[in-house]
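A.B. asks: Can you look at this prediction? I've put the sequence above it.
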Amino acid sequence: MVKVVIIDDENSGRNVIRQYLSLYCDDIEIIGEADSVKSGVELLSKESPDIVFLDIQMQDGTGFNLLEALPQRTFKVIFVTSFDQYALKAIKFSASDYILKPVDPDEFVEAVQNVQAELAKQTPTKDERIDELLTNMNNFTKVGLPTNNGIQFVKVDDIVRCEADGPYTQFFMNNGEKIMVSKNLKIYEELFVDNKFLRVHKSHLINTSYIDKYINGDGGSVIMADGSNVEVSRRKKDELLSMMI
């Protein structure tokens with residue numbers, strides 16, 4: 001039986017999560033609820049849940065404040081957010097699970113099943129993704145990449161380029177390592193928009209810091225530091241050249 005705690009300052013928000021757990025999720029036991037950061041810290045200091053549904057914005061602070069007040073964490077977190085761009089970007093960088101308000105039943109079930117699968121594979125330990133999230137809140141220097149073996153954290157500056165592979169993305173690192181990630185390229189195009197990355201082709205997202213040479217052509221192509229030759233689409237040529245100057 002998976003033990004769950006719900007922390008949300010809105011009664012309606014707690015009701016929705018409670019209802020969805022009852023309707024769509026098996027082997028779940030709700031062992032407590034809280035409506036603020038303060039009461040959430042008190043609850044989690046007494047209880048040992050497997051999963052915490054955690055609201056981001058509450059009257060007396062944020063879900064991040066709550067996590068920082070609990071250095072000893074052995075539970076998994078599913079964030080609940082009303083699409084605050086900054087908070088959501090931080091969560092995505094840490095590869096943490098989240099659901100958006102208003103809560104969609106399918107997204108809810110998927111998030112719960114993902115975490116249940118993680119719990120089934122290992123003894124619960126302190127969640128490294130949350131540590132990375134709290135460390136990374138003000139400068140997104142590392143990103144959690146979901147792979148078949150778990151979450152691999154890498155420095156964003158060490159990523160040379162990303163290449164689409166159907167619904168997956170292949171990461172090429174500056175040390176020659178290749179990492180296959182179970183997310184599509186569009187997600188990382190949006191995530192790295194402020195980090196000198198540019199999607200120069202439908203299949204290629206590059207870190208412009210690693211461009212060694214631009215070769216003229218219709219759209220042209222770039223030679224990257226890892227020796228790869230990456231095609232540039234015609235419509236991205238001017239944007240790329242402006243970033244290189």
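C.D. replies: Ah, there it is.

A.B. asks: Which parts of the chain belong to which domain?
C.D. replies: With domains defined by automatic domain parsing, the chain comprises 2-135, 155-244.

A.B. asks: got these as JSON lines, with distance to residue 148, mean neighbour count and mean pLDDT columns?
C.D. replies: For every residue, glycine as well, the C-beta is placed using N, CA and C. Below are the domains of the chain laid out as JSON lines (distance: least, CB to CB, whole Å; neighbours: other CB atoms under 10 Å; pLDDT from 0 to 100):
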{"stretch": "domain 2-135", "distance to residue 148": "11", "mean neighbour count": "17", "mean pLDDT": "93"}
{"stretch": "domain 155-244", "distance to residue 148": "7", "mean neighbour count": "16", "mean pLDDT": "95"}
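
A.B. asks: how about these in a markdown table, adding distance to residue 145?
C.D. replies: Formatted as a markdown table, the domains of the chain follow (distance: least, CB to CB, whole Å):
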| stretch | distance to residue 145 |
| --- | --- |
| domain 2-135 | 7 |
| domain 155-244 | 5 |
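
A.B. asks: Packing partners of the helix or strand hosting residue 120?
C.D. replies: Under the criterion of DSSP states H and E, residue 120 resides in helix 105-121. Packing partners of helix 105-121 (3 or more CB pairs under 8 Å, 6 or more residues apart in numbering; DSSP states H and E): helix 11-24, strand 51-55, strand 76-81, strand 97-100.

A.B. asks: Now residue 173: phi and psi?
C.D. replies: phi -100, psi 160 (degrees, to the nearest 10).

A.B. asks: nearest to residue 222, of the helices and strands packed on helix 105-121?
C.D. replies: Residue 222 lies closest to strand 97-100 among the helices and strands packed on helix 105-121, at 34.1 Å (CB to CB).

A.B. asks: on that earlier part again, between the domains of the chain, which gets nearest to residue 144?
C.D. replies: The nearest among the domains of the chain, by CB to CB, is domain 2-135 at 3.1 Å.

A.B. asks: Keeping just the C-alphas, turn the helix holding residue 120 into PDB.
C.D. replies: Output of helix 105-121 as PDB, limited to C-alpha atoms (Å, rounded to 0.1, in the frame of the first residue of the first chain):
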ATOM      1  CA  PRO A 105      -7.400  13.000 -14.900                       C
ATOM      2  CA  ASP A 106      -5.200  11.400 -17.500                       C
ATOM      3  CA  GLU A 107      -2.100  13.500 -16.500                       C
ATOM      4  CA  PHE A 108      -2.900  12.800 -12.900                       C
ATOM      5  CA  VAL A 109      -2.900   9.000 -13.400                       C
ATOM      6  CA  GLU A 110       0.200   9.100 -15.500                       C
ATOM      7  CA  ALA A 111       2.100  11.100 -12.800                       C
ATOM      8  CA  VAL A 112       1.000   8.700 -10.100                       C
ATOM      9  CA  GLN A 113       1.900   5.600 -12.100                       C
ATOM     10  CA  ASN A 114       5.300   7.000 -12.900                       C
ATOM     11  CA  VAL A 115       6.100   7.500  -9.200                       C
ATOM     12  CA  GLN A 116       4.600   4.100  -8.200                       C
ATOM     13  CA  ALA A 117       6.900   2.500 -10.800                       C
ATOM     14  CA  GLU A 118       9.900   4.200  -9.200                       C
ATOM     15  CA  LEU A 119       8.900   3.100  -5.700                       C
ATOM     16  CA  ALA A 120       8.500  -0.500  -6.900                       C
ATOM     17  CA  LYS A 121      12.000  -0.500  -8.300                       C
END
